[in-house]
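Participant: For reference, the sequence and a predicted model appear below.
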Amino acid sequence: MMGDDMDRLRNDRRLRVAVSVIALLGVTAQPVLAQKKDADACAAERAPLVKLDKEYDDLKRSKMSKAIGEGLKSGAMVLAKGVASGNIGLPGGRGGGFGGMGGMGSLMGAVGGLAMQSAAQQQTGGAAPAPSGLMFGPDMLAGASGLYVPGVTSYGGFGGGDNGKAYAALAVLVAIVATADAYAKLKEEEAGGDLRKASHNIDQDAGRQLEVARQISDSGNALVECRSRQLNDINTRLASASNDKDRKAIRRERTELISDLKKDIDVTGSVVEQHTGMAKTFTQGRAMTDGASEADVLGGQAPAYAAAPEVTRLSMPKGAASSGGAPQQASAPAAAPAALVTTRVAVLRSGPVASAAPVRNLPVGTALQAKTANAEGGWWEVDVEGETGYVRAAEVGPPGSAPAAPVQTAAAGKGRGKGPPPKAAAAAPAPPAVAGPTNIRAYNRQVIVARDEGKGRLGALMTDIQAAQRRDNVFYAMLSNWRWS
């Protein structure tokens, strides 16, 4: 009897101790478990990327985008059939983006009458006539003006007024949904056939998108920093957790963080992908207008869209924009070396680098004879009065592009006549030399940074978490085996 009483007392004491321990653990665990996730802590950092991704998605879903894509892929005749059957909305229709210029004839004009040319070819059995008129007509420009285009719609200071802004918007859309050939033809049309001006305009397109790429990079960095803080907080609480229940709850947070990171990587990768494609289009478009190669345009950079740039010179597509994805390679014989003139004070150097030894100084207006048909890596190899060397491409231009020298007048006080000295006749302004593709190169670099700093670092963060999970699984498997051995 006495033994039964003692057993009861011991059991009661154990029960009271167990209840006290459970109550104490509840108080201790409360601050840890209070970290339960109610909303994404990094929603504000991700919001700009989500907004930009939606804007690009809206562009690609617009009727303008569908019309351009179908027209260039299948030919304008197929585009016309699509409109007639109702598969592609008419300009001015709801949900579009074509603007207010409606009707079948308007859409025909938008692609330069190519559908009518195709029909004429079928009727006569002959070859299709060369395209006449504009490939991107007024209705396309009106439609582009009605779209929201990142880097263009909120940008000011356009030359050419509304038309300049419409061409810039249309250029982005064509760069995203069409081909480099189509983009180059658009820029040629915008420049009125002047390829030097087209080259300049392409670099301006890249300059506007450079600002967007910087914003993507900044948003990606902010998102990475926010996720890193989340992970550090989780790791700190996990290290200080005193029981399995807390540790399991915190590990669930870590798993949810992986899910958020996957969404981050998707949205960041999506917006960077749009700019990777535009970097390729701008580079190839500039190569076409310059008759140069991707390597020439990028000046030794690695492209954002490939492991290495192509070294084959490209040329402008003939006639209508090509329906294929690859730009045309130059098939004509290599052009003869160009005659050049310095447009500013320059230095002839022994090699194509700024650190190469100087050979001689070159005043403004010095005549040079290029030894190659195109500049390479931003430098021309030239001959000047029997001396050979290299000069920066940005410091030279075609004959006649050097600024006129000021007319010298008699020194004050030495003139014998009365009255003020005669004024020099005003010289007509010379056309500016085509600047190097500085914006294209800066944009290409920034796209690479946006990719590495955003998607790349987020991916590395997720890899670290997954590796920690695997280590935990191995540790607890070993601990379980030890307990039961």
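Facilitator: It's in.
Participant: Lys318: what secondary structure?
Facilitator: coil (DSSP: H, G, I helix; E, B strand; the rest coil).
Participant: Sorry, wrong one. I was asking about Ala39.
Facilitator: Put simply, Ala39 is coil when judged by three-state DSSP.
Participant: Would you enumerate the residues in contact with it?
Facilitator: For Ala39, no contacting residues are found, by Cβ atoms under 8 Å, 6 or more residues apart in numbering. Yep, even glycine has a C-beta here, placed from its N, CA and C like the rest.
Participant: Helices of the stretch 251-400 of the chain, start to end?
Facilitator: Using DSSP state H, counting those that start in this stretch, the helices found in the stretch 251-400 of the chain span residues 294-298.
Participant: Output the below-cut-off pLDDT ranges for it.
Facilitator: For the stretch 251-400 of the chain, the stretches with pLDDT under 70 are 319-337, 377.
Participant: Mind doing that once more with 90?
Facilitator: For the stretch 251-400 of the chain, the stretches with pLDDT under 90 are 251, 254-255, 257-259, 300-301, 317-346, 349-358, 364-365, 370-382, 385-386, 390-400.
Participant: At which residues are the strands of it located?
Facilitator: With DSSP state E, counting those that start in this stretch, the ranges of strands along the stretch 251-400 of the chain come out as 339-342, 346-349, 358-362, 367-370, 379-384, 387-392, 396-397.
Participant: Please work out which residues outside the fourth one touch it.
Facilitator: Strand 367-370 has contacts (Cβ under 8 Å, 6+ apart) with 337-342, 362, 380-384, 391, 396, 399.
Participant: what pairs with it, and is each one parallel or antiparallel?
Facilitator: Paired neighbours of strand 367-370 in the sheet (DSSP bridges): strand 339-342 (antiparallel), strand 379-384 (antiparallel).
Participant: doesn't Ala302 make contact with Ala308?
Facilitator: Yes: between Ala308 and Ala302 a contact is recorded at 6.6 Å, counting by Cβ atoms under 8 Å.
Participant: more neighbours, these two?
Facilitator: Using other Cβ atoms under 10 Å, the more surrounded residue of Ala308 and Ala302 is Ala302, with 13 against 10.
Participant: distance of that one from Glu294?
Facilitator: Computed as Cβ to Cβ, to the nearest Å, the Ala302 to Glu294 distance reads 11 Å.
Participant: hey, what's in contact with both of those two?
Facilitator: Counting by Cβ under 8 Å, 6+ apart, the residues touching both Ala302 and Glu294 are Pro309.
Participant: what residue ranges in the stretch 1-150 of the chain score low on pLDDT?
Facilitator: Within the stretch 1-150 of the chain, the ranges that satisfy pLDDT under 90 run 1-41, 59-149.
Participant: sorry, back to before: which among the contacts of strand 367-370 end up buried?
Facilitator: Buried residues within these, counting neighbours by 16 or more other Cβ atoms under 10 Å: 337-338, 340-342, 362, 380-382, 384, 391, 396.
Participant: what's the domain layout of this protein?
Facilitator: Per the record's domain assignment (automatic domain parsing), the chain is made up of the domains 43-178, 210-331+442-484, 339-397.
Participant: do you know which of these lies nearest Ala191?
Facilitator: Ala191 lies closest to domain 210-331+442-484 among the domains of the chain, at 8.5 Å (Cβ to Cβ).
Participant: ok, back up a step: tell me the one of the contacts of strand 367-370 nearest Thr283?
Facilitator: Set against Thr283, the nearest of those by Cβ to Cβ is Trp380 (20.2 Å).
Participant: Gly220 versus the closest one, what's the distance?
Facilitator: In this view, Trp380 and Gly220 are 38 Å apart by Cβ to Cβ.
Participant: Format the buried ones among the contacts of strand 367-370 as JSON lines; extra columns: distance to Leu52.
Facilitator: Shown next, in JSON lines, are those (distance: Cβ to Cβ, whole Å):
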{"residue": "Pro337", "distance to Leu52": "45"}
{"residue": "Ala338", "distance to Leu52": "42"}
{"residue": "Leu340", "distance to Leu52": "42"}
{"residue": "Val341", "distance to Leu52": "44"}
{"residue": "Thr342", "distance to Leu52": "43"}
{"residue": "Leu362", "distance to Leu52": "46"}
{"residue": "Trp380", "distance to Leu52": "40"}
{"residue": "Glu381", "distance to Leu52": "43"}
{"residue": "Val382", "distance to Leu52": "45"}
{"residue": "Val384", "distance to Leu52": "49"}
{"residue": "Val391", "distance to Leu52": "41"}
{"residue": "Val396", "distance to Leu52": "40"}
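Participant: All set, thanks.
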